[in-house]
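Engineer: only geometry, no sequence info:
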Ligand SMILES: [Fe+2]
């Protein structure tokens, strides 16, 4: 399963059936806050010109700053009245069903730990920087708020009918690695790239990857990289396109997907609206 989504099994003392735990904000060390500060400062310096307007606006409204890891209660005091979402702490990756159940109820599970100072650009599982810095600004936007809730509901159903692999690609290429077109150019909105020092620049500016207009069924047939930068990014015309996606009846698409055809991440297909044909110079490096 994708490292930014869900999967794996955990058990722990004090954990509820839904895998939530207290954030234990007062347990963070000075070192933890210092890692947050380093990540926050370098990423906020980088994102102007890369992040979409909705991300920047969400960030502006939230009580999130460089000096300390956000307290989820304080975040929720702004987030919940805005879109009905709240952040809940979990100890790491949670099983798919638990993840979807949270999303369907407008609870975003966030790792309560932070990566070590020696692994700023390495993420084995989503930590509080990825989950909060990457995801929460977009949860302030009503379209993303509705889309992720509906994705949670769709996920529960896809799991029952054996279509999770295909549906997870939608989340991957939107919520985690999505780009959208703005008047000034392409911008990122996906949390996996918004929270990555190197991939935020790569996704928007590098000539290496493909950038292809988003097409739902095409995306549901496209594999992705979990171990490196993406070789293709899919681009929305506007964030509102996500709401149309969420209203689509997936049954006819699932029926067509029964043919089992899927595509490697790099391949350009006949019928693609190619916004940038990647050189793939990056992925061809030894
Ligand atoms: Fe994520």
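Structural biologist: On my side now, so go ahead. Because the structure is a prediction, the values reported are computed rather than measured.

Engineer: residues contacting residue 279?
Structural biologist: 207, 208 (Cβ atoms under 8 Å, 6 or more residues apart in numbering). For the C-beta atoms, the positions are set from N, CA and C on the backbone; glycine is no exception.

Engineer: Give me the pLDDT for it.
Structural biologist: On pLDDT, residue 279 comes in at 96.

Engineer: for residue 246, same thing?
Structural biologist: Residue 246 is given a pLDDT of 80.

Engineer: ok, it - contacts?
Structural biologist: 146, 147, 150, 151, 154.

Engineer: tell me, how many neighbours does the residue of the stretch 101-250 of the chain found nearest the ion end up with?
Structural biologist: Nearest residue of the stretch 101-250 of the chain to the ion: residue 191, at 4.7 Å (Cβ to the ion). As a burial measure, residue 191 scores 26 neighbours (other Cβ atoms under 10 Å).

Engineer: Tell me where the stretch 1-150 of the chain is predicted with low confidence.
Structural biologist: 1-13 (pLDDT under 70).

Engineer: Sorry, wrong one. I was asking about the stretch 151-286 of the chain.
Structural biologist: Ranges of the stretch 151-286 of the chain meeting pLDDT under 70: 286.

Engineer: middle-most residue in this structure, spatially?
Structural biologist: Central residue of the chain (Cα atoms, centre = their mean): residue 176, 2.6 Å from the mean position.

Engineer: give me the element residue 33 is part of.
Structural biologist: helix 30-46 (DSSP states H and E).

Engineer: Show me what secondary structure element comes after that helix.
Structural biologist: helix 53-61.

Engineer: in the first helix or strand past that next one going along the chain, what counts as buried?
Structural biologist: Counting by DSSP H and E, the next helix or strand C-terminal to helix 53-61 is helix 72-83. For helix 72-83, burial by neighbour count (16 or more other Cβ atoms under 10 Å) applies to 72, 75, 76, 79, 83.

Engineer: if we can go back for a sec, same for the helix holding residue 33, what does it pack against?
Structural biologist: With contacts taken as 3 or more Cβ pairs under 8 Å, 6 or more residues apart in numbering; DSSP states H and E, helix 30-46 sits against helix 197-205.

Engineer: What lies in contact with the lengthiest helix in the chain?
Structural biologist: Taking DSSP state H as the criterion, the chain has its longest helix at helix 142-161. With Cβ under 8 Å, 6+ apart as the test, helix 142-161 has contacts from 54, 83-85, 96-97, 99-106, 108, 138-139, 164, 166-168, 170-171, 174-175, 189, 239-240, 242-243, 245-246, 250, 254.

Engineer: Could you list which of the residues you listed belong to helices?
Structural biologist: Those of the contacts of helix 142-161 lying in helices (DSSP H): 54, 83, 96-97, 99-104, 138-139, 164, 166-168, 170-171, 242-243, 245-246, 250, 254.

Engineer: List only buried entries from the residues you listed.
Structural biologist: If we count by 16+ other Cβ under 10 Å, these have these buried: 54, 83, 96, 99-104, 138-139, 164, 166-168, 170-171, 242, 245-246, 250, 254.
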